[in-house]
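>>> following is a predicted model, sequence given first.
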Amino acid sequence: MSVLQVDIRSLAKLARLEVSDAEVAKLEREIPGILSLVETVQKVATDVPAHQPALRNVMRDDASPHASGAYTETLLAAVPGREGDKIAVKQVISRK
């Protein structure tokens, strides 16, 4: 890898960070090493073929669903309150 010159002050300005002169000097020493490590990881990551699992539908097939309303009366008979074909519940949100 070639030695990269990173303009720390410009980078900090883009990131809207305030850096002191001591921090700039420290980052100028550390950033090339970090970038070298990232480059090494990228090389290793590209050498391994990506595993592509086969896509499959995990939901059940609705080829023959039950008829609409087939269980309505059975379900409504089991609820504590009923208004016609609807379940009656206690109001929990007040309307203003």
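Looks like it came in fine. Since the structure is predicted, the reported quantities are computational estimates derived from the model, not experimental observations.
>>> who's in contact with the helix or strand hosting residue 75?
Taking DSSP states H and E as the criterion, residue 75 maps to helix 72-77. Contacts with helix 72-77, where a contact means C-beta atoms under 8 Å, 6 or more residues apart in numbering, come from 82, 85, 87. Backbone N, C-alpha and C define where each C-beta goes, glycine included.
>>> and the residue nearest to the last one when sequence neighbours are not counted, which of the three is it?
Beyond its immediate neighbours in the sequence, the residue positioned closest to residue 87 (C-beta to C-beta, 6 or more residues apart in numbering) is residue 79, lying 4.9 Å away. For residue 79, the secondary-structure state derived from DSSP: H, G, I helix; E, B strand; the rest coil is coil.
>>> the longest helix along the chain - contacts with which helices or strands?
Secondary structure assigned by DSSP state H gives helix 21-47 as the longest helix of the chain. Using 3 or more C-beta pairs under 8 Å, 6 or more residues apart in numbering; DSSP states H and E as the contact criterion, the elements in contact with helix 21-47 are helix 8-14.
>>> report all helices and strands that the helix it packs on contacts.
Going by 3+ C-beta pairs under 8 Å, 6+ apart, helix 8-14 lies up against helix 21-47.
>>> the helix it packs on: how far from the chain's middle?
Offset of helix 21-47 from its chain centre (C-alpha atoms, centre = their mean, to the nearest Å): 27 Å.
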